[in-house]
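> With the input below, show me the fold.
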Amino acid sequence: MNDRFALLDALPDLVLLLRRDGTLVSVTGGCNVQDLRPVNGSEGKDLESFWPAPVAQLIRQLARRAIAIRQAAEADFTDGESRYEARVTPQGPDRVICVIRASLIVSSKENPAARDEVAQTLPDRRGFLRRLKESMSVASLKEQPLAVVMVRVDGILDIAQVIDSKVSDQVIGIAFRRISQQPIDDSVSEPPWYMGQFAENLLVLVLESSNRDLIDACASRICASLREPIRVGEAVFRLTPYSGVAILGQDASSPETLLDHARAAAIEARRAGSAHVHFFSDTLKLRSLARMDIARELRDAIANHELRLKYTGRHDLASGRLVALVGYLKWIHPLRGEVRPAEFVGVAETTGLAVALSRSVLQCLREDFRSFKPQLEDDVRISFGALRHHVLGNGFLDEIADFLSAAEVPAGRVELRIAERSFVAQDASVWQSLAKLGVQLIVDEVGRQMSSLELLARAPLSGLQLDRSWVTALAYDAVSLKVCRAAIGVARALNLTAIGTGVDDARQRDLLLDLGCHEGLGDLYDTDDALILACVAPRERGTK
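Next up, the predicted model:
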């Protein structure tokens, strides 16, 4: 028990349980906000007894507001030279939980001492995104220039996976501290900027300028700092940054789109292996050429049988038993590395390669089943999703029949996933014919568009697979919970198996079970799915 309390006290954020009137009930954590951490024995006292009056008054107001609106309330505040963020969440009609953390954003406007203090630990993503939205709102209202530089830092994820995530955090922390400690050259007209962490390997630089030369110079200086060796103890690490820029008003008008466009430019810089800053407007000119390259290379990859399937196990949520191997397209390009389906499936559909790509999956399926079969239970199915153009083509039914006639894969162990929009568009007689062949039919991405209930009721389906976006948000989003409950209710009413995707932890699994969903796949079962990789590895080694 003492160890448990010690771990709680080691939390970086300060967590307090407060009454509505500002009386402290209990406190834990706060390693990163020692100046605000109440001393032992403060329970039962008013906030003013251990905090400055402005801070205590702000937290009390947040607590009352959170209870009144029945949802979390947030605010930024300063205490001396330190900047903090507070989030207050109601816990009934008279209590709240208050979380206070240091606001960790590196900025060119801070004095050197404050910037050094801020950079001692990792930047806070939530606070950074809120500040970005505020910056964009002000820039739009006042018609001021604003640019976003997305910096993708290669090497951070490798450090986290191969060594430890704490080491990767240290490396990023040192990189930020070094950037903040760089001397400011008054002779250089560098625009005001601030920088935060968007994801584990993505940093974002926000500049109050649309001057390409100034943006390029500032981003290049920061990237040069990131490239310098970083020493942690006796180990030395080297990071490789790639940067892309999007400018407010020219490339986008909303925070989400501006970030997406800056990310696209950074991806283009990484593909080109370029140390130079890439601007989104220039990236657009290159995108059509890049798509032509992908189309040409994809055509060759299909002809050479280079596209394969990678598999994820679907499990019975209650027992954990493996019930199906779910295949997804995988393309390992000799130069580009792994190309995501989102990057090449759309190209395939617009260039007439979708049918050929989908057909190649059937050949993969036959070879993979041959490898899997000796190590699987007799009732474990193998699942694949044919592409829309293939499903809606005239010869789809005959090709599935020919595939089954080879007798290598029993029809009862073949599961065909059909995207919801394809299911609605295809003639119902096709589904009847496939069912007669013995194929198991699953409607995928349920909840994204919601098909006709009559069509679902009449079609010979075996299951409905919930869209991943709803399942991953199930635990904290009321709308997602309603959608999942409705979709699972439809499945149960039609005697279909409801399948959850994105089951990443035990809480999601338990919520799905409570709703009546009994099968799922996701990170929760990664360890169990190790046998899948073991099955496919010998075949892959043999084909190289």
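
> now the helices: where do they sit in the stretch 301-450 of the chain?
341-350, 354-372, 388-391, 396-405, 420-425, 428-437 (DSSP state H, counting those that start in this stretch).

> and residue 295, what element?
Applying DSSP states H and E as the criterion places residue 295 in helix 280-303.

> repeat for residue 224
helix 212-227.

> For that helix, buried residues please.
Buried residues in helix 212-227, counted by 16 or more other Cβ atoms under 10 Å: 214, 215, 216, 217, 218, 219, 222, 223, 225, 226. Glycine gets a C-beta too; all of them are placed from N, C-alpha and C.

> any chance of these in CSV, with pLDDT and distance to residue 420 too?
Shown next, in CSV, are those (pLDDT from 0 to 100; distance: Cβ to Cβ, whole Å):
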residue, pLDDT, distance to residue 420
214, 92, 48
215, 93, 43
216, 93, 45
217, 91, 49
218, 91, 46
219, 93, 42
222, 91, 44
223, 93, 43
225, 91, 48
226, 93, 43
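
> what's the closest residue to residue 179 other than its chain neighbours in contact with, if anything?
Distances taken as Cβ to Cβ, 6 or more residues apart in numbering put residue 225 closest to residue 179, at 5.2 Å, once the chain neighbours are dropped. Residue 225 makes contact with 175, 178, 179, 182 under the criterion Cβ atoms under 8 Å, 6 or more residues apart in numbering.

> quick one: the helices in the stretch 151-300 of the chain?
156-162, 165-181, 212-227, 255-272, 280-303.

> Pick out the residue closest to the middle of this structure.
With distances taken as Cα atoms, centre = their mean, residue 199 lies nearest the centre of the chain, 8.8 Å away.

> Can you tell me how far it is from residue 343?
According to Cβ to Cβ, to the nearest Å, residue 199 stands 18 Å off from residue 343.

> Endpoint to endpoint, stretch 512-519 covers what distance?
9 Å (Cα to Cα, to the nearest Å).

> So for it, mean pLDDT?
The predicted model gives stretch 512-519 an average pLDDT of 92.

> what do you get for stretch 142-162?
86.

> cool, stretch 302-322 as well?
87.

> Same question for stretch 340-358.
82.

> just for the chain, where's the confidence low?
1-11, 81, 103-127, 183-188, 282-292, 407, 447-452, 526-544 (pLDDT under 70).

> Residue 59 belongs to a strand, doesn't it?
No - using DSSP: H, G, I helix; E, B strand; the rest coil, the assignment for residue 59 is helix, not a strand.

> All further residue positions should be reported with the first residue as 54.
Sure, I'll start numbering at 54, so the last one becomes residue 112.

> Distance check, it against residue 248.
In terms of Cβ to Cβ, residue 112 sits 28 Å off from residue 248.

> got it, and residue 409?
When residue 409 is compared with residue 248 (using Cβ to Cβ), they lie 45 Å apart.

> Over to residue 437?
Residue 437 sits 44 Å away from residue 248, going by Cβ to Cβ.

> State the distance from the residue nearest to residue 232 to residue 254.
16 Å.

> Repeat that for residue 201.
With Cβ to Cβ as the criterion, residue 201 and residue 254 are 17 Å apart.

> between the two, which one's more packed in?
Between residue 201 and residue 254, residue 201 has the larger neighbour count (other Cβ atoms under 10 Å), namely 28 against 20.

> Could you find the closest non-adjacent residue to the more buried one?
Per Cβ to Cβ, 6+ apart, closest to residue 201 is residue 315, 4.6 Å.

> Burial check on that neighbour, number of neighbours?
Neighbours of residue 315 under the rule other Cβ under 10 Å: 31.

> That one is in contact with residue 258, isn't it?
No - judged on Cβ atoms under 8 Å, residue 315 makes no contact with residue 258 at a distance of 9.2 Å.

> Overlap of the contact sets of these two?
What both residue 315 and residue 258 touch, as defined by Cβ under 8 Å, 6+ apart, is the set 201, 202.

> Out of the contacts of residue 278, which is nearest to residue 401?
Closest approach to residue 401 among these (Cβ to Cβ): residue 228, at 38.8 Å.

> Might you report the residue contacts of the nearest residue to that closest one once chain neighbours are set aside?
Once flanking residues are discounted, residue 228 sits nearest to residue 279: 5.6 Å by Cβ to Cβ, 6+ apart. Residue 279 sits next to 204, 206, 228, 232, 292, 294 when contact means Cβ under 8 Å, 6+ apart.

> What's the separation between residue 279 and residue 529?
With Cβ to Cβ as the criterion, residue 279 and residue 529 are 33 Å apart.

> Repeat that for residue 253.
Per Cβ to Cβ, residue 253 is found 21 Å from residue 529.

> So for the two, which sits in the more crowded spot?
Between residue 253 and residue 529, counted using other Cβ under 10 Å, residue 253 has the larger neighbour count: 15 against 9.

> Surely that one touches residue 221?
Yes - the criterion here is Cβ under 8 Å, and residue 253 meets it with residue 221 at 7.3 Å.

> which residues are common contacts for those two?
In contact with both residue 253 and residue 221: 209, 210, 213, using Cβ under 8 Å, 6+ apart.

> Report the contact partners of the last one.
Applying Cβ under 8 Å, 6+ apart, we find residue 213 in contact with 220, 221, 253.

> how close does the second one sit to residue 80?
Looking back up the chat, that one is residue 221. In terms of Cβ to Cβ, residue 221 sits 30 Å off from residue 80.

> what's the burial count for the closest residue to residue 558 other than its chain neighbours?
Nearest non-adjacent residue to residue 558, counting by Cβ to Cβ, 6+ apart: residue 577, 5.9 Å away. Using other Cβ under 10 Å, residue 577 has 19 neighbouring residues.

> OK, contacts around residue 577?
Taking Cβ under 8 Å, 6+ apart as the definition, contacts of residue 577 comprise 556, 557, 558, 559, 561, 562.

> for residue 131, same thing?
So residue 131 contacts residue 137 (Cβ under 8 Å, 6+ apart).

> distance of it from residue 466?
In terms of Cβ to Cβ, residue 131 sits 63 Å off from residue 466.

> Residue 277 too?
Applying Cβ to Cβ to residue 277 and residue 466 gives a distance of 56 Å.

> again, but for residue 86
Taken as Cβ to Cβ, the span from residue 86 to residue 466 is 57 Å.

> Which one's more surrounded, these two?
Ranked by neighbour count (other Cβ under 10 Å), residue 86 and residue 466 place residue 466 first, with 21 against 18.

> The closest residue to the more buried one other than its chain neighbours: neighbour count?
Nearest residue to residue 466, sequence neighbours excluded (Cβ to Cβ, 6+ apart): residue 434, at 5.0 Å. Residue 434 sits with 21 neighbouring residues when counted by other Cβ under 10 Å.

> got the angle for the longest strand seen in the chain vs helix 407-425?
Secondary structure of the chain per DSSP state E: the longest strand is strand 375-386. Taking axes from the mean of the first three to the mean of the last three Cα atoms, to 10 degrees, strand 375-386 and helix 407-425 form an angle of 120 degrees between their directions.

> what's the distance between strand 375-386 and the middle of its chain?
19 Å (Cα atoms, centre = their mean, to the nearest Å).
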